[in-house]
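[1] Show me the folded form of this:
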Amino acid sequence: MSETAEKMHRTLTGRVVSDKMQKTVTVLIERRVKHPVIGKMMLRSKKYHAHVDNDEAKKGDLVQIEECAPISKTKAWRVTQVIEKSRLA
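    Below you'll find the predicted structure:
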């Protein structure tokens, strides 16, 4: 691997469910998985804390987050782009 090649990071897309912290948003990621025995499609969800620099992401926004080096104890993701703004505001 060359020194100039940028390392690929995991990216996820989800909704901002909380923006009450400073420079941090909580993003809910939902994924559909097939149950191994029954075969039924099930919804699995997980919340991630993501770093946001200038408060561009608000509650209800659809955002893309990218894995990064740990910023704090619970925060190892950063918001790369706001895909869709919330219609609540």
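[2] how close does the residue nearest the centre of the chain sit to I38?
    The residue lying closest to the centre of the chain (C-alpha atoms, centre = their mean) is I65, at 4.0 Å. Going from I65 to I38 by C-beta to C-beta, to the nearest Å gives 31 Å. The C-beta positions use only the backbone N, C-alpha and C, and glycine is treated the same way.
[3] Check I29 too.
    I29 sits 23 Å away from I38, going by C-beta to C-beta.
[4] Those two: which is more packed in?
    The neighbour comparison of I29 against I38 (other C-beta atoms under 10 Å) goes to I29, with 15 against 8.
[5] Contact partners for that one?
    Shown in contact with I29 (C-beta atoms under 8 Å, 6 or more residues apart in numbering): L12, T13, G14, S45, K46, K47, Y48.
[6] doesn't A50 make contact with the second one?
    Translated: T13. No. If you go by C-beta atoms under 8 Å, T13 and A50 don't touch, sitting 11.6 Å apart.
[7] which residues do the two both contact?
    Listed as contacting both T13 and A50 by C-beta under 8 Å, 6+ apart are V63, I65.
[8] Same drill for these two, tell me which one is more crowded.
    Neighbours per residue (other C-beta under 10 Å) separate T13 from A50, with A50 holding more: 27 against 14.
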